[in-house]
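**Q** quick one: sequence and predicted model below, then my questions.
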Amino acid sequence: MRVSSHLYQQNIIRTINQGTADYNRLSVQLFNNQRITKPSDDPLGSVMLLTLDSELSSIKQYQSNMNDVEYTLGQQETQLSSAVNILNSLQEMTTTAADGSMGETEITALGQQMGVLFPAIVDLLNTTDGDGRYYFSGSLTNVMPFQKDLSGQYQYQGDSNIRQVAVSSDSKVISNVVGSDIDPGASFLNQMQDYLTLLNTDPGNATIGDESRNMMDGINSFLQGVTDQLTKIGATRASLSRSNRAMMILPYIPKGSGMTSVRSTMHKLM
């Protein structure tokens with residue numbers, strides 16, 4: 001009888017101790033709002049949480065990458081859009097010169113106006129960021145992309161490398177466009193320079209009408225090259241916007257939802 005009482009008492013003590021331990025564990029979980037506070041609470045769950053933490057850390061890095069790319073592409077878009085506005089003005093003036101109705105004085109005045117606008121395009125193509133890195137010189141960001149050689153002709157000094165930045169584990173986006181795609185061989189810059197020399201030094205030249213029509217073709221070709229790069233930038237920024245919307249849902253995913261929930265939600269949005 002005494003043995004049975006002893007066992008009974010031991011069972012009660014164990015039950016009380018277990019209940020106390022469970023109560024303490026649940027109290028800690030409730031206080032921290034976390035089901036797993038130490039690996040022994042759930043070994044498998046702990047491994048999954050570590051994996052999820054690593055994945056979320058990667059996602060934060062991808063988001064930082066996207067923000068950086070969005071900013072630099074936005075700056076490049078601004079420069080090229082400004083160039084388009086100037087090109088439209090140059091196109092209008094060149095069309096006026098092409099009709100052959102202007103006198104030498106008017107041609108000279110027109111050439112002077114165009115001579116003010118043209119350097120602005122060169123400056124836009126040679127724009128740098130806040131750290132002095134050139135936007136349109138490819139990977140040679142410390143090199144001014146469009147420079148004059150010893151003969152006074154413009155040459156592209158950058159390279160054709162388009163930087164790719166990871167925005168997820170399986171996708172990358174471009175972070176720049178290059179001057180060699182905007183004005184291949186610097187052909188527009190040199191043609192416009194020669195054209196302005198003609199207008200300003202020989203306004204009575206009989207070939208001005210023909211040269212103006214040729215210059216109109218050159219402007220249109222250059223304008224198309226700039227527009228193509230703006231389209232590329234716009235498509236990339238739209239893709240980044242979709243990806244950023246997917247990233248924004250991360251703070252609202254309930255704790256404990258798991259990696260599958262994170263991946264599936266982001267996949268739907270991206």
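**A** It's in. Residues are numbered from 1 along each chain as shown.
**Q** in this structure, spot the helix with the most residues.
**A** Criterion DSSP state H: the longest helix present in the chain is helix 43-98.
**Q** following that helix, which helix or strand shows up next?
**A** Proceeding N to C from helix 43-98, the next assigned helix or strand is helix 104-125, under DSSP states H and E.
**Q** what residues does that following helix touch?
**A** The contact list for helix 104-125, computed with C-beta atoms under 8 Å, 6 or more residues apart in numbering, reads 79-80, 82-83, 86-87, 89-90, 93-94, 96-97, 102, 136, 145-146, 154, 179, 182-183, 189, 192-193, 196, 199-200, 203-204, 208. Bear in mind the C-beta positions are built from the backbone N, C-alpha and C, glycine included.
**Q** going through the residues you listed, which ones are buried?
**A** For the contacts of helix 104-125, a burial check counting by 16 or more other C-beta atoms under 10 Å picks out 79-80, 83, 86-87, 90, 93-94, 97, 102, 136, 145-146, 154, 179, 182-183, 189, 192-193, 196, 199, 203, 208.
**Q** burial of Tyr195, as a residue count?
**A** Per other C-beta atoms under 10 Å, the neighbour tally for Tyr195 reads 23.
**Q** wait, what's in contact with it?
**A** Thr94, Glu211, Ser212, Met215, Gly218 are the contacts of Tyr195 under C-beta under 8 Å, 6+ apart.
**Q** neighbour-wise, which one of those leads?
**A** Neighbour tally across the contacts of Tyr195 (other C-beta under 10 Å): the maximum, 27 neighbours, falls on Met215.
**Q** so that residue sits right up against Met192, yeah?
**A** Yes - counting by C-beta atoms under 8 Å, Met192 is a contact partner of Met215 at 6.9 Å.
**Q** about what we covered before: for the longest helix of the chain, name the packing helices and strands.
**A** helix 104-125, strand 164-168, strand 171-174, helix 187-201, helix 208-248, helix 259-269 (3 or more C-beta pairs under 8 Å, 6 or more residues apart in numbering; DSSP states H and E).
**Q** mean confidence score for it?
**A** The pLDDT scores in helix 43-98 average 82.
**Q** that helix vs helix 187-201, what angle?
**A** Orientation check (axes from the mean of the first three to the mean of the last three C-alpha atoms, to 10 degrees): helix 43-98 against helix 187-201 gives 30 degrees.
**Q** got the angle between helix 43-98 and strand 164-168?
**A** Helix 43-98 and strand 164-168 meet at an angle of 140 degrees, taking the same axes, to 10 degrees as the criterion.
**Q** shaky segments in the chain?
**A** Under the criterion pLDDT under 70, the flagged ranges of the chain are 1-56, 58, 244, 246-270.
**Q** now with 90?
**A** Applying pLDDT under 90 to the chain flags the ranges 1-66, 98-104, 166-171, 203-207, 209, 239-270.
**Q** what's the angle from the longest helix of the chain to helix 104-125?
**A** Using the same axes, to 10 degrees, the inter-axis angle of helix 43-98 relative to helix 104-125 is 170 degrees.
**Q** what angle separates helix 43-98 from helix 208-248?
**A** Angle between the axes of helix 43-98 and helix 208-248 is 160 degrees (criterion: the same axes, to 10 degrees).
**Q** quick check: phi and psi on the residue nearest to Gly185 when sequence neighbours are not counted?
**A** Among residues not flanking Gly185 along the chain, Tyr156 sits closest, at 7.1 Å (C-beta to C-beta, 6 or more residues apart in numbering). With angles defined as degrees, to the nearest 10, Tyr156 sits at phi -80, psi 120.
**Q** hang on, Tyr156 packs against Asp181?
**A** No - at 10.1 Å, Tyr156 does not count as touching Asp181 under the criterion of C-beta under 8 Å.
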